[in-house]
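Chemist: next one to model:
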Amino acid sequence: MLRKLLAVACFALLSTNALAASAYISEYSSLGQTSSGVATAQIATLPPFADQKVTFTGTPGSSAAFNARTKFIRVLCDAACSISVTGTATTSNARLPADVVEYFAVLPGSVLSVIASP
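Modeler: Residues are numbered from 1 along each chain as shown. Below you'll find the model as predicted:
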């Protein structure tokens with residue numbers, strides 16, 4: 001009886017979002033300027049004008065459509081994952097390691113799809 005109870009508890013735990021990971025997405029419209037104000041620096045200008053948090057597991061999660069002003073995004077995922085902006089993410093798409101920041105140029109209105117990819 002104890003084994004059955006333990007098995008049911010483990011199944012219930014695995015069925016919840018307790019094991020869900022998150023992708024943190026910041027949207028930007030322009031690059032920063034150097035201190036002279038003449039040259040463009042390869043850095044994001046803070047603050048971003050939009051932030052999103054997407055939850056994902058072995059089932060893909062998707063962001064809201066990016067703002068009409070969005071030209072590039074900053075992505076940080078707290079678990080290894082695969083991402084796509086051309087449809088629903090699969091584990092065959094571009095892979096990101098956990099806790100690494102990446103920047104991507106995107107088209108306004110695009111949607112980022114994320115799936116766990118251990």
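Chemist: need the contact partners of the strand or helix carrying residue 115.
Modeler: Using DSSP states H and E, the element containing residue 115 is strand 113-116. Residues outside strand 113-116 that contact it (Cβ atoms under 8 Å, 6 or more residues apart in numbering): 21, 23, 54, 56-63, 77, 79-85, 87-91, 93. C-betas here are computed from N, CA, C, even on glycine.
Chemist: can you show me the CA trace of that strand as CSV?
Modeler: The C-alpha trace of strand 113-116 is given here as CSV (Å, rounded to 0.1, in the frame of the first residue of the first chain):
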residue,chain,number,x,y,z
SER,A,113,8.5,29.4,-28.6
VAL,A,114,10.6,27.5,-25.9
ILE,A,115,10.8,23.8,-25.0
ALA,A,116,12.9,22.0,-22.5
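Chemist: give me the most central residue, this structure.
Modeler: residue 23 (3.1 Å; Cα atoms, centre = their mean).
Chemist: hey, what's it bridged with?
Modeler: residue 54, residue 77 (DSSP bridges).
Chemist: is it true that it touches residue 82?
Modeler: No: Residue 23 is beyond contact range of residue 82, at 10.9 Å (criterion: Cβ atoms under 8 Å).
Chemist: list the residues that contact the residue nearest to the centre of the chain.
Modeler: So residue 23 contacts 53-54, 56, 61, 63, 75-78, 81, 83, 112, 114 (Cβ under 8 Å, 6+ apart).
Chemist: now residue 118, nearest residue through space, not along the chain?
Modeler: residue 80 (5.6 Å; Cβ to Cβ, 6 or more residues apart in numbering).
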